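*Asks:* test case, fold it:
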Amino acid sequence: MRKSLFAIALMATVAACGAPAEEAQTPEVAEASESAGLFADLGGEAANPIHTATKGDTLAVSGYDTVSYFEGDGVPVEGSEEFTVRYEGFDYRFASAENAEKFKAEPAKYAPAYGGYCAWAIGANDALAPGDPNVYEIVDGKLYLNFNESVQENWQKDIPGFIEAGDVNYPTHSADEHFTD
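*Replies:* Residues are numbered from 1 along each chain as shown. Model (predicted):
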């Protein structure tokens with residue numbers, strides 16, 4: 001009987017010792033699954049803020065395919081989770097593998113200026129305001145978003161001046177900043 005109790009206690013100890021090892025592996029498996037769900041992970045960390053719906057979120061440009069702004073008729077389309085490319089810690093979605101590949105080849109070309117924040121707000125007021133992916137303009141091969149159509153009208157009054165100021169202002173903002181109401 002003593003030997004049976006000892007054997008049961010030994011088996012319970014072995015089982016209990018094995019459980020934490022399995023739990024310790026779980027985050028690694030989850031991390032691998034998350035990475036496996038990406039079309040590509042280009043690595044890197046953002047040096048300046050990238051606009052997302054909420055602080056801590058990683059979905060850039062509200063999930064719109066940034067390559068679509070430059071292709072065909074230039075009408076932006078929403079991307080698919082299937083074609084997600086992580087760049088500088090943020091997730092950019094694309095409507096096709098072809099667009100995801102184009103982004104992979106030249107992410108700085110296709111990522112929006114000022115991290116997707118409103119071009120007029122950063123240029124005119126050195127302020128972070130959300131950029132609407134449906135209110136945009138491409139200037140000299142770069143995508144600029146604005147808060148809304150009214151704000152875009154103000155931005156269009158001096159695009160070169162607002163870009164010049166925005167190019168000076170945006171780098172002064174740290175990556176952990178986020179627009180708040």
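*Asks:* what ranges does the chain have for its helices?
*Replies:* 2-36, 97-105, 107-110, 119-125, 149-156, 159-169 (DSSP state H).
*Asks:* mind listing the residues bridging to the residue nearest the centre of the chain?
*Replies:* Residue closest to the average C-alpha location in the chain (C-alpha atoms, centre = their mean): residue 90, at 2.5 Å. For residue 90, the beta-bridge partners are residue 87 (DSSP bridges).
*Asks:* swap in residue 132?
*Replies:* If you apply DSSP bridges, the partners that residue 132 bridges to are residue 146.
*Asks:* quick one: it and residue 64, what's the gap?
*Replies:* According to C-beta to C-beta, to the nearest Å, residue 132 stands 10 Å off from residue 64. Yep, even glycine has a C-beta here, placed from its N, CA and C like the rest.
*Asks:* of those two, who's got more company?
*Replies:* In this view residue 132 and residue 64 are compared by other C-beta atoms under 10 Å, and residue 64 has more residues nearby, 25 against 18.
*Asks:* not counting its neighbours along the chain, what's nearest the more buried one?
*Replies:* residue 133 (4.2 Å; C-beta to C-beta, 6 or more residues apart in numbering).
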